[in-house]
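Undergrad: Mind folding the following:
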Amino acid sequence: MAISLHDKLAGAPNDPGVYIMKDAEGKVIYVGKAKNLKKRLASYFKESGQKESKQIDLKTKVIVKNVSSFDTIITRTEKEALILESNLIKRYRPKYNVILKDDKRYPLLRIDINSQYPSLTIVRKIEKNGARYFGPFSSSQAVRETLKIIHKTFKLRKCKTKNFQKRLRPCLNYQIDTCLAPCCLYVDKKIYNEIVKEVILFLKGRTPELIKKIKKQMTSAAKDQNYERAAVLRDKIFALEEMLEKQVVVTTDFKDRDVIAIADSPEILLIALLFVRGGYLLGKRCFSFNKTISTEAEMVSAFIRQYYEKTHFIPQEILVPIPLEDTCLLEDRLTTLNQKKVRMLYPERGEKAQLIKMAAHNAQNSLKDLTASIAAGMDIAVRLQKRLRMDKMPERIECFDNSNISGTEPVAGMVVFENGKPNKSLYRKYKIKTVNKQNDYAYMAEILTRRYGKGEKSRPYPDLLVVDGGKGHLNIALSIIKKFKLEKYFEIIGIAKKDVSKGETNDKIYQPGRANPVNFGREGDLLLFLQKIRDEAHRFAISFHRKRRNKKSIHSIFDTVPGIGKKRKEILLKHFGNIDRIRKATLEELVLLPGIDRNIAEALKRILGA
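TA: So this is what the prediction gives:
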């Protein structure tokens with residue numbers, strides 16, 4: 001006989017620990033921590049008539065409806081419960097927990113301070129390799145603008161090669177006096193390392209400190225009557241001061257801090273994060289979440305734990321918009337991660353309170369934009385449902401496209417749009433496995449069989465399936481869907497390109513059982529939306545095919561060169577990056593690589609036609 005929730009609650013411990021809530025199928029839907037497990041669980045499962053807060057009442061309505069059972073894990077301390085809760089959330093990814101889904105990898109600047117002459121590169125992934133990372137930047141344009149300022153002001157090398165090659169003369173950057181050219185000229189490492197330190201100060205937001213340092217150097221150079229160097233330093237100061245004028249000063253203590261604010265609507269909660277470095281506001285990021293059963297304080301706490309476990313920099317002060325129950329625990333956890341003391345403050349007056357207001361204003365504006373975007377997506381979905389006469393709204397749309405050249409390296413791509421927006425984390429690539437000759441219909445049949453033949457458990461079905469092609473592709477898709485008896489689960493359409501020779505001005509949308517294409521009339525934006533989805537599937541499939549083809553061509557060329565095996569292939573590709581650079585390389589540059597002698601280099605150049 002199953003134990004009821006209230007009977008199980010009666011036996012819950014009064015110790016600190018973690019509680020795990022499950023639905024009728026035994027799936028974990030919520031994980032929480034508590035200083036006293038019994039008291040916390042009682043707040044969810046109070047008998048009707050008992051007094052409870054309005055927010056807890058809303059939570060209870062959601063969770064009690066779905067919870068079938070719960071388990072508890074007792075820990076020695078609340079700190080252990082905090083760590084265990086984070087680990088269990090990562091493991092189960094429960095439906096009603098705050099999950100930081102930041103799939104977009106924002107650009108960062110990376111400088112490997114352990115290399116002989118460090119240079120800056122743009123990356124999107126942080127690795128534990130001793131390099132320093134700066135950012136994240138809000139966009140590729142922002143990071144490139146920063147890089148442009150650095151290249152104009154400082155003289156770091158611009159080339160990305162790890163091993164310097166013998167060159168006859170420096171590149172153009174040296175000629176225009178924006179690089180010291182350590183690739184082929186002698187450069188004192190002490191002088192170069194000083195420049196690296198200046199760049200790091202600049203990227204850390206310490207521009208005022210950097211200006212003071214350079215002013216001292218300028219004064220010293222002037223005293224030594226080294227007027228040429230003093231003039232160079234003066235120009236650098238002017239450039240930095242000009243850039244500093246464009247930045248916003250938000251505090252007078254010039255400290256590093258992050259500022260958190262929240263804004264919510266009935267369906268979405270948004271968290272805005274402002275980055276203040278050295279008293280200057282450098283930028284912001286926003287994170288949106290579907291409403292969960294957590295309170296706002298619990299959501300902010302969960303966000304802080306998840307965000308700062310992934311980021312490369314934790315400031316020594318974090319401002320929060322509401323008091324948090326576990327402030328001391330979070331401070332302790334972040335201090336451990338940072339290896340420096342981290343404080344979390346809830347300011348109610350002064351400069352810091354104004355920062356919270358600024359962050360809240362940013363959060364509200366971002367939420368307004370996000371809500372408008374969602375509303376536009378919903379409007380498209382509602383009208384598309386009506387125009388295509390669908391039983392339900394097309395919230396999730398999947399689109400497939402094939403790519404090949406004369407049957408070589410055939411591949412397919414699937415893109416997914418949710419609520420009118422692409423969800424790139426759900427995109428899938430397929431290599432054609434069973435079709436040996438060029439046959440677009442057979443390619444489509446194989447991919448749809450692999451996608452939908454496993455049932456909905458592998459991945460949820462779409463509301464609308466779009467195939468790139470006319471009636472032929474649509475009929476193939478329909479036969480596969482009928483084979484698996486999925487006709488009632490989702491709608492199918494085919495999108496065919498316009499035939500200019502027949503005087504057609506628009507692409508055509510075909511539906512099963514309908515001879516003529518769908519007439520969109522004045523709702524041309526619906527057709528444009530479907531074209532956008534088709535074009536994205538086309539782009540995705542082509543990019544995958546191009547990578548496959550390039551990889552095959554590279555290996556095919558190498559396989560014809562005597563003396564080049566797997567290891568030497570890797571050395572050549574790692575150093576030069578692609579075939580074009582290998583083709584342009586001189587014999588002297590090739591023989592400098594380990595394992596490449598002159599005979600192999602000459603054979604490679606001969607086969608490449610260089």
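Undergrad: Check whether residue 321 really touches residue 361, as I assumed.
TA: No. If you go by CB atoms under 8 Å, residue 321 and residue 361 don't touch, sitting 11.8 Å apart. In short, each C-beta sits where N, CA and C put it, glycine included.
Undergrad: neighbour count winner among those two?
TA: Between residue 321 and residue 361, counted using other CB atoms under 10 Å, residue 321 has the larger neighbour count: 22 against 13.
Undergrad: Can you name the residues that contact the more buried one?
TA: Residue 321 makes contacts with 260-262, 300, 346, 356, 359-360, as judged by CB atoms under 8 Å, 6 or more residues apart in numbering.
Undergrad: How about it, nearest residue that isn't a chain neighbour?
TA: What sits nearest to residue 321 in space, not counting adjacent residues and going by CB to CB, 6 or more residues apart in numbering, is residue 261, at 5.0 Å.
Undergrad: SS state for the one you found?
TA: Recorded secondary structure, residue 261: strand (DSSP: H, G, I helix; E, B strand; the rest coil).
Undergrad: cool, residue 403 as well?
TA: strand.
Undergrad: Run through the residues that contact the residue nearest to residue 321.
TA: Counted by CB under 8 Å, 6+ apart, residue 261 has contacts 271-272, 274, 321, 356, 359-360, 362-363.
Undergrad: Among these, which lie within helices?
TA: In helices, defined here by DSSP state H, the members of these are 356, 359-360, 362-363.
Undergrad: ok, so of these, who is nearest residue 92?
TA: residue 363 (28.6 Å; CB to CB).
Undergrad: Report the contact partners of that closest one.
TA: Contact analysis of residue 363 by CB under 8 Å, 6+ apart lists 261-263, 270-272, 286.
Undergrad: In TSV, list the residues you listed along with distance to residue 426 and pLDDT.
TA: TSV is the format used below for the contacts of residue 363 (distance: CB to CB, whole Å; pLDDT from 0 to 100):
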residue	distance to residue 426	pLDDT
261	30	94
262	27	93
263	27	92
270	22	91
271	23	93
272	26	92
286	21	88
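Undergrad: and which of the contacts of residue 321 is nearest to residue 486?
TA: So of those, ranked by how close each gets to residue 486 (CB to CB), first place is residue 262, at 41.2 Å.
Undergrad: Which members of the contacts of residue 321 are classed as buried?
TA: Neighbour counting by 16 or more other CB atoms under 10 Å classes 260-262, 300, 356, 359-360 among those as buried.
Undergrad: Looking at those, which is nearest residue 27?
TA: Nearest member of those to residue 27, counting by CB to CB, is residue 300, at 26.4 Å.
Undergrad: Can you mark which positions in the helix or strand hosting the closest one are buried?
TA: In this structure, residue 300 sits in helix 296-310 according to DSSP states H and E. Within helix 296-310, the residues scored as buried using 16+ other CB under 10 Å are 297-308.
Undergrad: Closest one of those residues to residue 382?
TA: Looking across the buried residues of helix 296-310 and measuring by CB to CB, the closest to residue 382 is residue 299, at 29.7 Å.
Undergrad: State the distance from that closest one to residue 372.
TA: Using CB to CB, to the nearest Å, residue 299 is found at 23 Å from residue 372.
Undergrad: Do you know the pLDDT at residue 164?
TA: On pLDDT, residue 164 comes in at 61.
Undergrad: roughly how far is the helix or strand containing residue 43 from the heart of the chain?
TA: If you go by DSSP H and E, residue 43 is part of helix 37-44. Offset of helix 37-44 from its chain centre (CA atoms, centre = their mean, to the nearest Å): 36 Å.
Undergrad: before we move on, what about stretch 114-121?
TA: That offset, for stretch 114-121, works out to 25 Å (CA atoms, centre = their mean).
Undergrad: still on that earlier bit, turn the contacts of residue 261 into a markdown table, including distance to residue 516.
TA: Below are these laid out as a markdown table (distance: CB to CB, whole Å):
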| residue | distance to residue 516 |
| --- | --- |
| 271 | 49 |
| 272 | 49 |
| 274 | 55 |
| 321 | 56 |
| 356 | 59 |
| 359 | 54 |
| 360 | 54 |
| 362 | 50 |
| 363 | 49 |
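Undergrad: from the residues you listed, which two are the most distant?
TA: 271 and 356 (12.9 Å).
Undergrad: quick one: the strands in the stretch 401-550 of the chain?
TA: 408-418, 421-422, 428-431, 464-468, 491-496, 508-510 (DSSP state E, counting those that start in this stretch).
Undergrad: partners of the fourth one in the sheet?
TA: Here strand 464-468 is paired, per DSSP bridges, with strand 396-405 (parallel), strand 491-496 (parallel).
Undergrad: With the last one instead?
TA: For strand 508-510, the paired strands and their directions (DSSP bridges) read strand 491-496 (antiparallel).
Undergrad: could you dump the buried residues of helix 296-310 to TSV with pLDDT and distance to residue 350?
TA: Formatted as TSV, the buried residues of helix 296-310 follow (pLDDT from 0 to 100; distance: CB to CB, whole Å):
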residue	pLDDT	distance to residue 350
297	88	22
298	86	27
299	88	26
300	92	21
301	91	24
302	89	28
303	91	24
304	92	22
305	89	27
306	88	29
307	89	25
308	89	25
